[in-house]
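Q: pasted the sequence and its predicted model underneath.
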Amino acid sequence: MIQIGIDAGGTFTDFWLTGADETLAPLATPGFMHKTPSTPDDPSRAVIQGIGEMAAARGMPAEELLDKTSLIVHGTTVATNAVLTGRGARAGLITTRGFRDVLEMRRGWREEFFNNKRPLPKPLIRRALRRTAAGRLDENGGELEPLDEAAVRKEVAWLKDEKVESVAVCFMHAWANPEHEKRAAEIVREEFPEAFLTVSSDLHPQIRLYERVSTCAFNAFVGPIIGNYLEKLEASLRNLGFSGAFLIMGSHGGVMSAPLAVRRAASTLLSGPAAAPVAASQVAAPHGVENYIVTDMGGTSYDVALIQGGQPLVSQESWLGGLRIALPSLDIHTLGAGGGSIAWTDPGGILHVGPQSAGARPGPACYGHGGSEPTATDACLALGYIDPDYFLGGKMKLDPEAAREAIRRGVAEPLDMTVAQAALGIYEIICVQMAAGIREVTVRRGLDPRDFLMLAAGGAGPLHANFIARELGIPALMVPSDSAVFCASGMLASDLKHDLAVSWRVRFDTLKAGELARRLSSLRSEIRDVLAGQGVSAEKMSFEPGMDMRYLGQYHEVSVPLPAEAIDAPDLADALRRFHERHDALYGYATADMPVEGITIRMSGRGHTDRPEVRPQPLGGPEADHARKGERPIHLPGAAGRVAAAVFDGEALRPGNRLRGPAIVERPNTTVLVLDGHELACGAWGHCFIWPEETADEMRAKFLSAFLSTPGAASG
Amino acid sequence: MSEKDSAGGIDRILASVLQRRLRSITEEMALTLLHTTRSPILSEGRDFATGVYWANGDMLEQTEYTALLGFALQPSLKACIEYFGDDIRPGDVIFHNDVYQQGNQINDLGVFKPVFFEGKLAAWAACKAHQADLGGGAPGGYNPDATEIWHEGMRVPPLKMWEGGKLRRDVWDFMFANSRLDIVAEDVKACAGSCTVGERRLLEVLSRYGRGVFDRHVVFIMDGAERIMRGEIASMPDGEYEGESFLANDGVQEGVRHPVKCKVTIRGEEIAFDYTGSAGPTPGYANAPLHAATSGLMIAVLMNVDPQIPHNAGILRPLQMIFPENSMLNAEFPHATSYGNHLTHQIWDAAVKALAQAIPHRVTAGWNKCYWGNSSGFDERNGRRYVDFFLFAMKGGSGATEGLDGMNHIGTVMTGGAMTAQDPEMHEVQTPHRLRHFEYEADSGGPGRWRGGLGVRSEWKILARDAKVILFGQQTEPGEEPFGLLGGKPAGLNTAKLTFPDGRERHIKGHEVFPAADGVLIEMTASGGGGYGDPRLRPAETVREEVRDEIISIESARRDYGVALNPETLEIDEAKTAQLRKGT
């Protein structure tokens, strides 16, 4: 049966098709990529269009392809766009009297301390629709004042009159005791059953009112939107005869059923880049790589994620449009640097690139869609890195003269230099910025980037990655063959995932292991029910418990992963040891004799999905000449004048082939630049590695020899 | 790419890349510091700045987590360089906080590390962080009873804590024997660690380009920033402009107003701020050391130029800052100065009122001037002593500006919106406070075509044994309200009221310390900011929507904005509104 991953992005909708049926997916590749332009007004159109195109390419109607399809995994930016454009559902909030504005206050912070002209983000629920009712709990969940049910009823009726579609309920200290919220939710269901309901103690029973109410507001704002979208898309797929499973990518790097994705809509907000780390683990694991930095450079942004010990790092601190989302999401750091980033000069004579972007429209000057400002892509074209006649495999012609003209006017003339110098400057600066972003991500976690392998994805990524890796002293770089549709392929490799966190304050010196076991088991059974409801059988489930801990008196807690055995038999001494170690790694110190408290317990549950099978591939020799297309002159950073770079057809390279920089490897959807002094070596399935020549033997031995000498083992 | 392709051996691209690298070094230093310090004022409040400097002490790049520290480092570093002269060696780490040798606040300890390349001093890595306690008459550095510098903390003139890479253990032990809190020594170690990170990265940059190229290009970078600043000033109309403010309460004498006067002179590409005519020194702690004053003034400057301007020594060159000797804004030895940072409000107000005449479209109206305090005592829930500041209650609104309403609950201007309020739930867990109310206050923003940002009203009970409450700050006396601009109206005053368990009530102004019995109720209002432009020009529809949001009362809509609304339906009474707005 066929499986299809579909990543609907802002510019393109990417597809990745795999399957055991040889007529549809021949043995030569692990899968097929396809791209079709996105349809932002109704993203489901591009999805259906692309499926039709893939079927047509195989000489069959869409119905036949879908009939052979057992699984579709979909990543969508519908919810994200609703937030960024302010076009979400009309939502109302019922909260505790005296705390009406916590949502809008954002704890009284702003991004730029000297900028009085930059507006603060607008709240997702305006003040008139934020209603309050008396009723107060203390920090232990004790009732100080009973809930004023009449007031709740009155406010719900008021919101109904105001024609809201969505109601969020979030009370002070509901993390410690959900009773008031449960009662208020019942009243909402009685008075206004058609409203989309979000209850904080259900969605995210974790301490910190701002974080919780903000997360609830997101859920209320996007819930009805993503509900309508998925309903419509699924109906279209079913109408075409699709009877397989339909799953949605979540921000946590797992997938979930469509109804769950709607109920917990806020957990899809950061799903865009969340599949890249999963895809990365698929391609990197067979090479024995466990610690790597995944980078994904698109048209407007550069996403950086760290993988340690084979596991993507998870963050509880995410922001979207300046607003806080507290649900766990993969820890992905996004910089405003992409192929469309615009270069400009300041009056002091300093060159800058970004954060403004030409986006997809008008896009870089060389696209010929009316863009006139020089972008990073224009620089790559002017430097000779991109073949103007082979962009997107030749589907799109680029205009090198327009690129040079934009660079001349925007950078070269103001700075009194040649176009080539200006283009190199643009290239170098955007690379240095991206490198600084990677350095920040690693340093923030007390890590050194040189201890990682770097993985470059995204259409523009492999053009810049070698420079960035060299800048950071990263020993090896991997460019996966499916880098251009990396997220779509990652989606198919994602497990079903459901995360829960519950705040529970307890001092370790009074904590009983039995009590912790009871609470962890209860989280597990709740998750088990959710996974079972999505058709996961018990033997395919696994659970990862954790606890957020801190030294008594600290303001911030540290999320500490616990072993799976801890659910039934927690080892408190071991948990403490893990906390001290983690604290030391993050903050540079640990204090073993200081009392420790737990704040929140967490559980991440997975329903393991069947991975698409990747078949072994025959080995070639080190010689790469058979793939050589020719050569062209390029400008290289740090070198005067032009040098000749060999150009290779990436599709023709075989495992084991090697080539030396300066060189360019062209694939239909991406171009790889190999700098002078570097070697590119091919792994299986078209994945490439780049490293400095002086360490090439060592690196090949480390990453390739075991893998390539036993082709039979090359699955994963 | 050739390095000598234009005049003076400047490679423009290299300069751009170098500037980005230097910035990234200061960011990495700041992250390192953030993650290795322990006291909440650093790890939560982020009251610190990191930077890299040229051999002569000129600022090359900085990361400022608190606006007020932005320009406090360079003068201290230059004082250290002057003090040690030729006696600066690889492996030295210099400490300094003395407000009478170019420091800014006694608790802001500077840590400076020279960077030697090929045997010569090439650059400095430095940071300055507000230490939780450096001795003195009161914990935390704010002592309203202080009348001389020794009441406020330990003076640290330029001091080598590491010499040639070796820690002077006796000096270390001596210094930290004079702090109340053990964690301060740890935090100071973290500062030195951050400088080591900066040193390491600067050496990478120096080895990559060589000393000559580095020097030429940092000169070019600073000259470039100077050009930007000159361009910004040139865009302001030439002239002399005057602004005035005053401090109403110095914490010691009642009813004495201390004037602050600023004359701004703009001539072509240069600007001068002259505070001659401002008050003489006050008897208490309300005096600013020179570089608390210059740092406060820099907030007013940077808020009124391109926010993207690089922060290096070049931008200081076209600026002249004159604070008269032996005044409240340039205290002489041995006056107490720990409230000096708060005089930023007066310095900023006087400068901005003057600038408003020159660049009315850039400036904002007045911001809330902070009134706050802390409570401390014994928390019976966990058997521990606590101290916590009223950050949530003190954050008022900012002034409106052309094109944009003021920001709600963003104060104070000293931090530019950098300091966050506590989360209500975590606050009740951490501190024996029970919040009853914490919301925007309707009608607290000064009316205007663009409305002043909203302030907040807070009510909370103190549930602690042997508690003590300190309240201090300003804007509690008539005349101190955040000013409006160009027809915009001022905001109101800050208020504070204590209700004791026996029912007795007290309205508080000024600087006071109280014993607070279990169950004392505190009610505080932080005002909003001033309005900008005639409120009767604010679109009636916007006013109506704000009445719906209950941030403007229906009475204020009519009285201040000239918008008549039907009290039932909130429909705009067009005829009545036109009549009310006649003549605007």
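A: Yes, it's here. Numbers count the residues shown, from 1 in each chain, chains lettered A, B, ... in the order given.

Q: now for the helix or strand containing B:Gly231, which elements pack on it?
A: Applying DSSP states H and E as the criterion places B:Gly231 in helix B:211-234. Here helix B:211-234 touches helix B:12-36, strand B:59-64, strand B:120-130, helix B:183-209, strand B:270-274, going by 3 or more CB pairs under 8 Å, 6 or more residues apart in numbering or on different chains; DSSP states H and E. Yep, even glycine has a C-beta here, placed from its N, CA and C like the rest.

Q: among these, which is nearest B:Ser327?
A: The closest of the helices and strands packed on helix B:211-234 to B:Ser327 is strand B:270-274. By CB to CB, the value is 12.0 Å.

Q: and the helix or strand following that closest one with chain A, contact?
A: Remark: after strand B:270-274, the chain's next helix or strand is helix B:290-302, criterion DSSP H and E. Yes: Helix B:290-302 is in contact with chain A by CB under 8 Å from any CB of the partner chain, via B:Ile299, B:Leu302.

Q: run the angle between helix B:290-302 and helix B:211-234 for me.
A: 70 degrees (axes from the mean of the first three to the mean of the last three CA atoms, to 10 degrees).

Q: just after helix B:290-302, pick out the following helix or strand.
A: Downstream of helix B:290-302 (by DSSP H and E), the next one is strand B:319-322.

Q: how about residues contacting that next one?
A: Residues from elsewhere that reach strand B:319-322 (CB atoms under 8 Å, 6 or more residues apart in numbering or on different chains): B:Met229, B:Glu270, B:Ile271, B:Ala272, B:Phe273, B:Asp274, B:Tyr275, B:Thr276, B:Ala293, B:Thr294, B:Leu297, B:Val301.

Q: now tabulate these in JSON lines and tack on distance to A:Ile72 and neighbour count.
A: Formatted as JSON lines, those follow (distance: CB to CB, whole Å; neighbours: other CB atoms under 10 Å in any protein chain shown):
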{"residue": "B:Met229", "distance to A:Ile72": "57", "neighbour count": "26"}
{"residue": "B:Glu270", "distance to A:Ile72": "66", "neighbour count": "16"}
{"residue": "B:Ile271", "distance to A:Ile72": "63", "neighbour count": "23"}
{"residue": "B:Ala272", "distance to A:Ile72": "69", "neighbour count": "15"}
{"residue": "B:Phe273", "distance to A:Ile72": "65", "neighbour count": "24"}
{"residue": "B:Asp274", "distance to A:Ile72": "71", "neighbour count": "19"}
{"residue": "B:Tyr275", "distance to A:Ile72": "70", "neighbour count": "24"}
{"residue": "B:Thr276", "distance to A:Ile72": "75", "neighbour count": "11"}
{"residue": "B:Ala293", "distance to A:Ile72": "65", "neighbour count": "29"}
{"residue": "B:Thr294", "distance to A:Ile72": "63", "neighbour count": "25"}
{"residue": "B:Leu297", "distance to A:Ile72": "62", "neighbour count": "23"}
{"residue": "B:Val301", "distance to A:Ile72": "57", "neighbour count": "24"}
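
Q: which one of the residues you listed is nearest A:Asn115?
A: Out of these, the member with the shortest distance to A:Asn115 (by CB to CB) is B:Val301, at 13.6 Å.

Q: grab the nearest non-local neighbour of the closest one.
A: In space, B:Val301 comes closest to B:Leu319 once its chain neighbours are excluded; the distance is 6.7 Å by CB to CB, 6 or more residues apart in numbering or on different chains.

Q: ditto for A:Ala134
A: Closest to A:Ala134 by CB to CB, 6+ apart is A:Asp148, at 4.1 Å.

Q: near chain A, which residues of the stretch 151-300 of chain B are found?
A: Residues of the stretch 151-300 of chain B lying near chain A (CB under 8 Å from any CB): B:186, B:190, B:193, B:220-221, B:223-228, B:231, B:299.

Q: mind redoing it with 10 Å?
A: By the rule CB under 10 Å from any CB of the partner chain, the part of the stretch 151-300 of chain B lying against chain A is B:186, B:189-190, B:193, B:197, B:201, B:204, B:220-232, B:298-300.

Q: now list the buried members of those residues.
A: For those, a neighbour count by 16 or more other CB atoms under 10 Å in any protein chain shown gives the buried set as B:186, B:189-190, B:193, B:197, B:201, B:220-232, B:298-300.

Q: residues in contact with the residue nearest to A:Ala134?
A: A:Arg97, A:Thr132, A:Ala133, A:Ala134, A:Gly135, A:Lys154, A:Glu155, A:His180, A:Ala184 (CB atoms under 10 Å, 6 or more residues apart in numbering or on different chains).

Q: which pair of these spans the longest distance?
A: A:Lys154 and A:His180 (16.0 Å).

Q: those two: who's more crowded?
A: A:His180 (27 against 15; other CB atoms under 10 Å in any protein chain shown).

Q: check which helix or strand the more buried one maps to.
A: A:His180 belongs to helix A:179-191, assigned by DSSP H and E.

Q: distance between that helix and the chain's centre?
A: Distance, stretch centre to chain centre, for helix A:179-191: 35 Å (CA atoms, centre = their mean, to the nearest Å).

Q: nearest residue to the middle of chain B?
A: For chain B, the residue nearest the mean C-alpha position is B:Met414 (2.4 Å; CA atoms, centre = their mean).

Q: I'd say it and B:Trp372 touch.
A: No: with contact defined as CB atoms under 10 Å, B:Met414 does not count as touching B:Trp372 (11.3 Å).

Q: now the helix holding A:His180: average pLDDT?
A: Here helix A:179-191 scores 98 as its mean pLDDT.

Q: identify each buried residue in that helix, please.
A: A:His180, A:Glu181, A:Arg183, A:Ala184, A:Ala185, A:Ile187, A:Val188, A:Glu191.

Q: adding distance to A:Pro633, write these out as JSON lines.
A: Below are the buried residues of helix A:179-191 laid out as JSON lines (distance: CB to CB, whole Å):
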{"residue": "A:His180", "distance to A:Pro633": "72"}
{"residue": "A:Glu181", "distance to A:Pro633": "67"}
{"residue": "A:Arg183", "distance to A:Pro633": "74"}
{"residue": "A:Ala184", "distance to A:Pro633": "70"}
{"residue": "A:Ala185", "distance to A:Pro633": "68"}
{"residue": "A:Ile187", "distance to A:Pro633": "73"}
{"residue": "A:Val188", "distance to A:Pro633": "68"}
{"residue": "A:Glu191", "distance to A:Pro633": "73"}
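
Q: now for the residues you listed: which two are most distant?
A: Comparing all pairs in the buried residues of helix A:179-191 by CB to CB, the longest separation belongs to A:His180 and A:Glu191, at 16.5 Å.

Q: what residue of chain A is the furthest out?
A: A:Ala150 (43.7 Å).

Q: confirm that one sits in a helix?
A: Yes: A:Ala150: assigned to a helix according to DSSP: H, G, I helix; E, B strand; the rest coil.

Q: quick one: contacts for it?
A: A:Ala150 neighbours (CB under 10 Å, 6+ apart): A:Ala133, A:Ala134, A:Ile187.

Q: mind running it again at 7 Å?
A: With contacts defined as CB atoms under 7 Å, 6 or more residues apart in numbering or on different chains, A:Ala150 has no neighbours.

Q: find the closest residue to chain A in chain B.
A: B:Gly224 (2.7 Å; CB to the nearest CB).

Q: which residue packs closest to that residue, ignoring adjacent ones?
A: B:Gly224 sits nearest to A:Gly348 (CB to CB, 6+ apart), 2.7 Å away.

Q: kindly tell me how buried the one you found is, as a neighbour count.
A: A:Gly348 has 25 nearby residues by other CB under 10 Å.
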